[in-house]
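Trainee: Show me how the following folds:
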Amino acid sequence: MAPLVAAAPYISVASSVMQFTQQGAIGKYNQAANNRTAAVLDNQAAQIEQKAEFDIAQFNKTYLKVKGETTVALAKSGVQVGTGSAYNIALSNALEKRLQENLIRYNSQVAAANKREEASFARIKGNIARQQSRLAQIGTIATAGTTLLTMGNFSTPNTTGSYGNRGTGMSGYGGGADK
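Mentor: Purely as a prediction, here's the structure:
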């Protein structure tokens, strides 16, 4: 039993070092995972902006088709294109086109900004995870240091045992020779 008592401080130090190392590794892993999430969210923001440009191009294609069909329909009905009601219709359609393009851009900017905000929070969460692991490491070192200090002198283990000094003369205590 005495060799185990003598080895206890070294076992405590070894387990504390292992725990310290694992806490650091976990913190780095969590930070890396959150940074990866942030990168994915940043890519999603860029894709949203690219999709907006595609959506605007598709809308313009549809708009030009409708504009052409409207012009043909007005011409077939004998209305002079560019005057009166035909002009008002063309102006209204152009304003609506501009409004829709702005709405598509605005919605994509809001969605992209939300993704970037999520990415920022993911990075913050990663930094917090890393800081928590560092705090845990400090706690581990403090606990190990306290444990070593409370063990006292390692070279001479306590040989008095749990009964204290024998032969105190007190019956029932210490298991002395008085019995």
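
Trainee: quick one, helices of this protein?
Mentor: 2-76, 84-151 (DSSP state H).

Trainee: For those, give me CSV that also has mean neighbour count and mean pLDDT.
Mentor: For every residue, glycine as well, the C-beta is placed using N, CA and C. Formatted as CSV, the helices of the chain follow (neighbours: other C-beta atoms under 10 Å; pLDDT from 0 to 100):
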stretch, mean neighbour count, mean pLDDT
helix 2-76, 14, 89
helix 84-151, 14, 92
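
Trainee: Tell me if I'm right that N93 and T70 touch.
Mentor: Yes - assessed by C-beta atoms under 8 Å, N93 is found in contact with T70 at 7.1 Å.

Trainee: Does A112 touch E53 like I think?
Mentor: No - A112 is beyond contact range of E53, at 11.8 Å (criterion: C-beta under 8 Å).

Trainee: Chain neighbours aside, what residue packs nearest to R134?
Mentor: G27 (6.5 Å; C-beta to C-beta, 6 or more residues apart in numbering).

Trainee: How about the contacts made by the one you found?
Mentor: Residues in contact with G27, defined by C-beta atoms under 8 Å, 6 or more residues apart in numbering, are A129, R130, Q131, Q132, S133, R134, A136, Q137.

Trainee: Among these, which one lies nearest to S85?
Mentor: Closest approach to S85 among the contacts of G27 (C-beta to C-beta): A129, at 65.2 Å.

Trainee: do you know how far that closest one is from E118?
Mentor: 16 Å (C-beta to C-beta, to the nearest Å).

Trainee: do the same with V79
Mentor: Counting by C-beta to C-beta, the gap from V79 to E118 is 52 Å.

Trainee: Enumerate every residue touching K65.
Mentor: K65 neighbours (C-beta under 8 Å, 6+ apart): none.

Trainee: oh, and call the first residue 348 from now on, that's how I've got it
Mentor: Renumbered: residue one is now 348, and that last one reads K412.

Trainee: and V428, what are its phi and psi?
Mentor: V428 has phi and psi values of phi -70, psi 140 when expressed as degrees, to the nearest 10.

Trainee: How about V426?
Mentor: Dihedral pair for V426: phi -80, psi 140, per degrees, to the nearest 10.

Trainee: Kindly report the same for G425.
Mentor: Dihedral pair for G425: phi 90, psi 10, per degrees, to the nearest 10.

Trainee: any idea how far T418 is from it?
Mentor: From G425 to T418 the distance is 13 Å (C-beta to C-beta).

Trainee: if I look at R463, how far off is N440?
Mentor: From R463 over to N440 (counting by C-beta to C-beta), the distance is 35 Å.

Trainee: cool, and A420?
Mentor: Taking C-beta to C-beta, one finds A420 at 13 Å from N440.

Trainee: With T409 instead?
Mentor: T409 is 12 Å from N440, by C-beta to C-beta.

Trainee: Done for today, thanks.
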